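Asker: Give me coordinates for this.
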Amino acid sequence: MLAVVLALLIVPLAAGLTSAALPRTAARAITVLSGLACFALVLALIPAVAHRDLNYFGYLRVDAVSAIFLLATSFLYAAVALYSVGYLKQHEDLYARRFYAGLNLFAWAMLAAPLMSSLALLWIAVEVTTIISALLVAIEDTDGAAEAAWKYVLIASAGLSLALLATVFMYFAGSQVLGQHYNLAIQPLLAVGPRLPHTPVRLAFLLALLGYGTKVGLFPVHTWLPDAHSEAPTPVSALLSGSLLAVSFYAVLRFYQVAAATLGSGFPRDALLAFGVASLLLAALCVFGQRDIKRLLAYSSVEHMGILAIGVSFGAPVALAGVLLHVLAHAAAKGNAFMGAGVLRAKFGTKQISAIRGGLDLLPWSGPLFLLAVFALSALPPSGIFRSEFQIVAGGLDSGNYAAAAVLIIGVTVAFFGLSTAATSMLFTPARGTLARGEPSTWMVVPVVAGVAVLFVLGVHPPGELTGLIARAVTQLGVTR
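Answerer: All right, here's what the predicted structure looks like:
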C-alpha cells in the first residue's frame, strides 16, 4: 500500500509539472490519464483501509475518514479531466496548457490534504489549494474573474490565518502532555485527549471552525464562494464545490475529533449546529432570485455544507454515516450540476438563467442529465443524497434534536423549490431562436453519465466495501466522552 499512497502524491504532481511544458495535446492526455489513475489508486486503497489504518514515515496516514474524502476528490478529478477535453475546445488557444497544469496541481493538493498525519501539514496542504485555485479562478483574465479571485484570496487568507492560529493553540495544548517536540500528529492528540487542557482546545476548535469554515463556505464567511464559482472555468467550479469545500470540512472534522475527545461532545456539536443551521437557512433563501446559473449552484453548495455541519452536530452513528455518504454523493451530484451548467453555457453562450430556454429539447443528453443532477441535489429518491439526508434526519430524531431535524427538512424543501424553479425555466420553457439540436461535445456528456450511475448506486445499494469503510469511519469520528 505504500506504493499506492506515494503514487497518489506523485502522479498528479508530475502531471501538473509536465503539462505546463508539453504541447496541448500531450497535456490533455496526461491530465486524463492522471485523473483516471488517481481514482483507480484510491479504489485500490479501500479494501485495506476498511480494516486498518495505514501509517508511513510519520507524516502520511490513511484511515477510514480520510479515505472517504480521497474517494470523493479522486472521482471528481477523473470526471473533470474527461470533461475538460470537450470544454477546452473553445479555449485551447487561450490558456489550455496553464489550465491543465493548474488542474492537476489543484487535484494534487486536495489529494495530499487527507493524507497528512498532522494538523500542521494539513494546514499547509489546504493553504496550497488556496493559492492554486485562486490562479485557476482568474485564468480567463476578465475583470470579473480577477475581482472574484482577489476577493477569494483576501477572505480565504484571513480564514486560514485563523486556522493557523487554531493549529498553534492545539500545539500548545498538546505540548502540555506530549512535550514540546511532538509534530501535531492527530493520533497522539486523540490518545491523550482527556488529559489536554480545555481552554486552548476550545479556542483551537472555534478558530478552526471559523477559519477552515471560510473555505467550507459556512455562514457568515461564505461570501467569496458565489463569485469564485461563477467566474471560474466550469471544471474548476466543479472541483471547488464538490471537492475543495469537502476537503476543508475534513480539516474541521479533525479538530472536532480532538475537541470531542477533550471537552466531550456537547460544545463542538453545539458550535457546528449553529454554523450549519445558519448556512442552510441562508442558502435556502438565496437560491431564489439568482440570475446566474453558477451562482445558483454555488449557494446550493453552501446549503449542503450546512447539512454536513448539522449532521455531525447530531452525533448519532446513523447521522455520521449519512454525513460521510453525503460527502461522496454531493461530489457526484454537484460535479454533474456544474458540468451540466457548462454545457448549457456552451450551447446558449450565456450563464444568465433568463436567457437559457429549451434546454431539454436542444440538448438530448445534457438536458435530462442536468435535470437529474438538480433532482439529486434536492434529495429526491433514489439518489445518494436522498439516502444520506434521510440518514442524517434519522440521526437527528434518534438523538433527540427534533427542532434541528425539522429545520433541516424545511431548509432542504425550500432549496428544492428554488432549484426546481430555475431548472424548469431553463429546461422546459420553449426555446428562442434557431439553435440546432445536439451536444457541444461527447466528452462533456460521458463523465456526467458516470456521475449519475454513482448517485444511483449510492442511493440504492452502496457496495459492501464502501459500507464497511463508512462504518469504520463512524467509529473513528465517535471519539466522545
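
Asker: Show me what counts as buried in the lengthiest helix in the chain.
Answerer: In the chain, with assignment by DSSP state H, the single longest helix is helix 143-178. With burial defined by 16 or more other C-beta atoms under 10 Å, the residues of helix 143-178 counted as buried are 145, 148-149, 151-153, 155-156, 159-160, 162-175, 177-178. The way it works is simple: take the backbone N, C-alpha and C, and place the C-beta from them, glycine included.

Asker: For it, name the packing helices and strands.
Answerer: Packing contacts for helix 143-178, counted by 3 or more C-beta pairs under 8 Å, 6 or more residues apart in numbering; DSSP states H and E, involve helix 119-137, helix 186-191, helix 198-216, helix 224-231, helix 245-263.

Asker: could those be laid out in CSV, adding mean pLDDT, mean neighbour count and distance to His326?
Answerer: As requested, the helices and strands packed on helix 143-178 are exported to CSV (pLDDT from 0 to 100; neighbours: other C-beta atoms under 10 Å; distance: least, C-beta to C-beta, whole Å):
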stretch, mean pLDDT, mean neighbour count, distance to His326
helix 119-137, 95, 21, 20
helix 186-191, 92, 18, 22
helix 198-216, 96, 24, 13
helix 224-231, 90, 26, 18
helix 245-263, 96, 25, 9
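
Asker: Could you dump those helices into JSON lines with distance to Asp53 added?
Answerer: Compiled in JSON lines, those are given as follows (distance: least, C-beta to C-beta, whole Å):
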{"stretch": "helix 119-137", "distance to Asp53": "16"}
{"stretch": "helix 186-191", "distance to Asp53": "8"}
{"stretch": "helix 198-216", "distance to Asp53": "22"}
{"stretch": "helix 224-231", "distance to Asp53": "33"}
{"stretch": "helix 245-263", "distance to Asp53": "13"}
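
Asker: okay, and for the chain, where does confidence drop off?
Answerer: 90-94, 479-481 (pLDDT under 70).

Asker: how about the strands in it?
Answerer: Using DSSP state E, the strands of the chain run over residues 54-56, 60-62.

Asker: from the ones you listed, which stretch is densest packed?
Answerer: Here the criterion is mean neighbour count by mean count of other C-beta atoms under 10 Å, and of these the winner is strand 60-62, at a mean of 21.

Asker: Next, work out how far apart the nearest residue to Thr223 once chain neighbours are set aside and Ile139 are.
Answerer: Leaving aside its chain neighbours, Thr223 sits nearest to Ile155 (6.5 Å; criterion: C-beta to C-beta, 6 or more residues apart in numbering). Taking C-beta to C-beta, to the nearest Å as the measure, Ile155 falls 19 Å from Ile139.

Asker: In contact with Phe106: list those residues for me.
Answerer: Going by C-beta atoms under 8 Å, 6 or more residues apart in numbering, Phe106 touches 129, 132-133, 136, 236, 239.

Asker: swap in Arg387?
Answerer: Listed by C-beta under 8 Å, 6+ apart, the contact set of Arg387 reads 322, 325, 329, 381, 458-459.

Asker: The same query, at a cut-off of 10 Å, please.
Answerer: If you count contacts by C-beta atoms under 10 Å, 6 or more residues apart in numbering, Arg387 has them with 321-322, 325-326, 329, 379, 381, 455, 458-462.

Asker: now that we have those, which one has the most neighbours?
Answerer: Gly322 (30 neighbours; other C-beta atoms under 10 Å).

Asker: I'd like to know how many residues surround the closest residue to that residue other than its chain neighbours.
Answerer: Sequence neighbours aside, Gln391 is the residue nearest to Gly322 in space, at 3.0 Å (criterion: C-beta to C-beta, 6+ apart). Per other C-beta under 10 Å, the neighbour tally for Gln391 reads 24.
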